[in-house]
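Student: below are the sequence and a predicted model; questions follow.
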Amino acid sequence: TLPAVGRGGGRGGGTIRFKEELAHGGNAGLDKMVATLEPVKQKFPEVSYADLYTLAGVTALEASGLKVSWRAGRVDEKSPDAVTPDGRLPAADKGSPDATLKALRMDVFYRMGFDDREIVALSGAHALGRCHPDASGYSGPWTPTPTILTNSYYSLLLNLPWTLKEWDGPMQFEDPSGKLMMLPSDIALIQDKKFRPYVKEYSKDQQLFFKDFAATFQKLEELGTKNLKAVDV
């Protein structure tokens with residue numbers, strides 16, 4: 001991703017295919033995604049890696065029922081020299097709620113030009129998927145339907161009692177059943193007086209969440225690009 005106000009950054013150049021970027025802590029497990037998409041790239045060599053990877057993300061969201069606009073024209077970087085430094089992705093825990101919130105805002109999303117509402121909207125992607133101990137160290141899904149994008153992440157975050165999980169892994173929270181989890185960065189959203197109102201809004205209005213998430217996700221995937229064009233896919 002590309003910062004909106006200098007400080008260097010990615011260029012939408014498909015650099016996740018380079019081992020140097022795959023080695024970043026926040027990218028653990030993405031080697032499987034890169035390997036899965038490589039046969040598609042070989043079949044359609046005219047499609048850039050950057051377009052392919054972003055289209056795959058949009059397609060995954062559409063499989064869950066969400067329509068996200070996508071435009072083509074990203075140009076691949078040719079060398080791993082273009083890989084950005086490690087540590088620019090959101091951290092699940094910075095040691096305290098205040099430090100985690102500061103990192104979330106100042107070190108990551110404000111740097112890329114996102115506001116508080118957009119940060120909370122993007123966080124709703126946690127409705128999809130789960131944490132894997134062999135990748136992030138954390139374990140478990142955020143919601144009981146990890147293959148379907150809904151606003152359940154917000155309603156569960158707000159309405160369930162979350163307690164510290166007793167285990168040998170990193171600090172995370174669990175619901176009363178022990179089947180669902182939240183990261184410290186998730187809990188921080190409802191502890192912060194500016195983030196919490198947006199969590200409440202999205203917990204009550206799934207269509208509003210879908211609208212805001214789709215727009216913010218498109219903004220995210222188009223950072224650092226130019227001259228993109230709408231295409232039929």
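Tutor: In hand now; what should we look at?

Student: can you map out the strands along the chain?
Tutor: 71-72, 130-131, 140-141, 163-164, 173-174, 181-182, 229-230 (DSSP state E).

Student: which of the ones you listed sits most buried?
Tutor: strand 181-182 (a mean of 23; mean count of other CB atoms under 10 Å). (Each C-beta comes from the backbone N, C-alpha and C, glycine too.)

Student: who touches that strand?
Tutor: Residues from elsewhere that reach strand 181-182, judged by CB atoms under 8 Å, 6 or more residues apart in numbering: 131, 138-142, 157, 162, 165, 172-175.

Student: looking at the longest helix anywhere in the chain now, give me its mean pLDDT.
Tutor: As assigned by DSSP state H, the longest helix anywhere in the chain is helix 206-222. Across helix 206-222, the average pLDDT comes to 96.

Student: which of the residues in that helix are buried?
Tutor: Going by neighbour count (16 or more other CB atoms under 10 Å), the buried part of helix 206-222 is 206, 209-210, 212-214, 216-217, 220-222.

Student: and it, how far from the chain's centre?
Tutor: 12 Å (CA atoms, centre = their mean, to the nearest Å).

Student: any idea how far the residue lying farthest from the centre of the chain is from residue 76?
Tutor: Relative to the centre of the chain, the most outlying C-alpha is that of residue 43, 27.7 Å out, by CA atoms, centre = their mean. Going from residue 43 to residue 76 by CB to CB, to the nearest Å gives 17 Å.

Student: same question, residue 92
Tutor: From residue 92 to residue 76 the distance is 30 Å (CB to CB).

Student: then residue 132?
Tutor: 28 Å.

Student: what ranges of this structure fall below the confidence cut-off?
Tutor: Within the chain, the ranges that satisfy pLDDT under 70 run 1-12, 233.

Student: and it, what are its domains?
Tutor: Domains of the chain are assigned by automatic domain parsing as 15-87+217-230, 97-215.

Student: buried deepest among these, which one?
Tutor: domain 97-215 (a mean of 17).

Student: quick one: end-to-end length of that one, please.
Tutor: 28 Å (CA to CA, to the nearest Å).

Student: try stretch 104-121
Tutor: 13 Å.

Student: and for stretch 112-132?
Tutor: 27 Å.

Student: so what touches stretch 183-198?
Tutor: By CB under 8 Å, 6+ apart, the list of residues contacting stretch 183-198 reads 90-93, 97, 100-101, 104, 116-117, 119-121, 123, 126, 131, 138, 142, 157-158, 162, 171-173, 199.

Student: quick one: that stretch to chain centroid distance?
Tutor: 16 Å.

Student: quickly list what the nearest residue to residue 140 once chain neighbours are set aside is bridged to.
Tutor: Leaving aside its chain neighbours, residue 140 sits nearest to residue 181 (3.8 Å; criterion: CB to CB, 6 or more residues apart in numbering). Taking DSSP bridges as the rule, residue 181 bridges to residue 174.

Student: from residue 146, how far out is residue 181?
Tutor: Residue 181 is 11 Å from residue 146, by CB to CB.

Student: how about residue 31?
Tutor: 21 Å.

Student: other SSEs contacting the longest helix of the chain?
Tutor: helix 49-63, helix 116-123, helix 196-204 (3 or more CB pairs under 8 Å, 6 or more residues apart in numbering; DSSP states H and E).
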